[in-house]
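# No letters, just coordinates:
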């Protein structure tokens, strides 16, 4: 449900309106939904964080892509996480020596 809320908010932030889309009310609408979508994503990010030490590296760095690949993550959300954290795709997990994908 949280993922659906994120998608609806993100899609609303990209919505096009008839006429000039640079009008202040359109820009305000888009900005409000973009902020709401990012707040929803922060909640998703916190839910994917481990409660113990298992999801962090030895230096304490959290890898969202690694943890998202370990749980039952919706494909669209996983794709968004990969697109926004491309640098983590090639990072090897120190414990297992595996890539996230």
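That came through fine. Computed from a predicted model, the values in this text were never measured in an experiment. Numbering: from 1, shown residues only.

# where does the chain dip in pLDDT?
Along the chain, segments meeting pLDDT under 70 span 51-60.

# again, 50 this time
55, 57 (pLDDT under 50).

# Report the central residue of it.
Taking C-alpha atoms, centre = their mean as the criterion, residue 81 is the residue nearest the geometric centre of the chain, at 4.5 Å.

# Looks like residue 34 contacts residue 13 (just checking).
Yes. Using C-beta atoms under 8 Å, residue 34 is in contact with residue 13, at 3.9 Å. Yep, even glycine has a C-beta here, placed from its N, CA and C like the rest.

# Enumerate every residue touching residue 36.
9, 13 (C-beta atoms under 8 Å, 6 or more residues apart in numbering).

# following the helix or strand harbouring it, which helix or strand comes up?
Following DSSP states H and E, one finds residue 36 within helix 24-48. Later in the chain than helix 24-48, the nearest helix or strand by DSSP H and E is helix 64-70.

# Which positions within the helix holding residue 36 qualify as buried?
Neighbour-count burial for helix 24-48, counted by 16 or more other C-beta atoms under 10 Å, picks out 29, 30, 33, 36, 37, 40, 41, 44, 48.

# Let me have those in TSV, extended by distance to residue 70.
Formatted as TSV, these follow (distance: C-beta to C-beta, whole Å):
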residue	distance to residue 70
29	37
30	34
33	30
36	27
37	24
40	21
41	18
44	14
48	9
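
# re earlier: show me what contacts the spatially closest residue to the residue nearest to the centre of the chain that is not a sequence neighbour?
Computed as C-beta to C-beta, 6 or more residues apart in numbering, the closest residue to residue 81 that is not its neighbour in sequence is residue 68, at 4.9 Å. Contacts of residue 68 were listed using C-beta under 8 Å, 6+ apart, and they are 48, 77, 78, 81, 100.

# Distance of residue 68 relative to residue 26?
Applying C-beta to C-beta, to the nearest Å, the value for residue 68 to residue 26 is 33 Å.

# Having no further points to raise, I will conclude here.
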